[in-house]
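Novice: After the sequence you'll find the predicted model.
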Amino acid sequence: MKRDFITEKQSHDLGLITDIIKPVIGNISSIRSCMSEACNSYAYLVNDHFIVKFAKDEEKLKKIFLERDVLSFLRGKTTLKIPQFNVFLNGFNFSLHEIIKGETFLNEHYQNLSNKDKNHFCYDIALFIYELHSQTKEIEKLNIPILKGITKIYHIEKIKLFFNSYSKISPNEREIISNFCDEYINTEKTCNNVFGHFDIQPKNIAFNFMQNKINGIFDFGDCGFCSPSYDFIQFGIKYKPEILNNVLKHYKNLSNIDFNLEQILKGSMYRILYCLMRDIEENRPIEKGLETFRAKIYQ
């Protein structure tokens, strides 16, 4: 079946986007883009209540279908709320889900919590990841991708060579990257692949600051099967080691699986370097990637 996809130029025409989605949503009082350069979709916040996503191509549309099927399967099986997700195939194809009420939760917010609420936050993240991993056998019937993880799709030596010749970082930063690559050894324990989210980070967490708890988790577009440790990598990129370590402790109590904090942090740096390299290769803005990299090496 032929699919219709909006072009990059069309994605900036909010009048066109409004015309496409209005038959489904009805009255539209506000709409704004909320996508990044590396997104699989053109995404919009509508009426401060809905997220609408248009896949960029046929391959990216598969991710939207995957997210719909996964969320439908998981509904009622997780402690934290997940979105109700619909896909509409009339003319241009787009997905629609209501926002789970809550705010982005950052490192500085964690520091302002009481010890009790800090523990509750880390436990909720660990429990959510554990609940997903526990669904592995049941969810295998869906057509879910097997993820290789960064270390298996791009060798560390290639990353070292790339940054050795990249002039837009300081000599000290190049040396830090070179030393990291030279010293990197993957000591991860061999585990069977599990189903996981693999993108738990601040923008995908809806936090209720009135009650100091997580309301729900968003964005299953990167879900799949991979090593269970890989589900902590993105979390380790965005959050400080103290927070990650507490999540790992709770996960161990739930699963009896003990992951080494330092190895997860090394995996996080590996992914930071890979994503920064890909942004450079694809001529995408690198400011956020550099900010993330520098935050990790200078923290």
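Specialist: In hand now; what should we look at? Numbers count the residues shown, from 1 in each chain.

Novice: where's residue 273, which helix or strand?
Specialist: Secondary structure from DSSP states H and E places residue 273 in helix 261-281.

Novice: Give the other helices and strands that the very next helix or strand once past that helix contacts.
Specialist: In the C-terminal direction, the helix or strand that comes right after helix 261-281 (DSSP H and E) is helix 287-298. Here helix 287-298 touches helix 171-183, helix 233-238, helix 261-281, going by 3 or more Cβ pairs under 8 Å, 6 or more residues apart in numbering; DSSP states H and E. No exception for glycine: its C-beta is placed from N, CA and C like everyone else's.

Novice: now the shortest one: how far from the chain's centre is it?
Specialist: Meaning helix 233-238. The chain centre lies 9 Å from the centre of helix 233-238; the measure is Cα atoms, centre = their mean, to the nearest Å.

Novice: Kindly state the beta-bridge partners for residue 196.
Specialist: residue 224 (DSSP bridges).

Novice: tell me, how many neighbours does it end up with?
Specialist: 25 (other Cβ atoms under 10 Å).

Novice: separation between it and residue 148?
Specialist: Distance of residue 196 to residue 148, given as Cβ to Cβ, to the nearest Å: 14 Å.

Novice: Secondary structure element for the nearest residue to residue 40 once chain neighbours are set aside, which one?
Specialist: Closest residue to residue 40 apart from its sequence neighbours, by Cβ to Cβ, 6 or more residues apart in numbering: residue 60 at 4.2 Å. Using DSSP H and E, residue 60 sits in helix 58-74.

Novice: related to what we said a few turns ago, what sits in contact with each of residue 196 and residue 148?
Specialist: residue 226 (Cβ atoms under 8 Å, 6 or more residues apart in numbering).

Novice: Poorly predicted segments of the stretch 151-299 of the chain, please.
Specialist: For the stretch 151-299 of the chain, applying pLDDT under 70 flags the ranges 187-190, 299.

Novice: Kindly report the domain assignment for this protein.
Specialist: The chain breaks down into these domains under automatic domain parsing: 8-98, 107-298.

Novice: centroid residue for this structure?
Specialist: The centre of the chain sits closest to residue 199, judged by Cα atoms, centre = their mean, with a distance of 2.4 Å.

Novice: Let me see the ranges of the strands in the protein.
Specialist: 31-33, 41-46, 50-55, 85-88, 94-98, 194-196, 205-208, 213-217, 224-226 (DSSP state E).

Novice: Before I go, just wanted to say thanks for your time.
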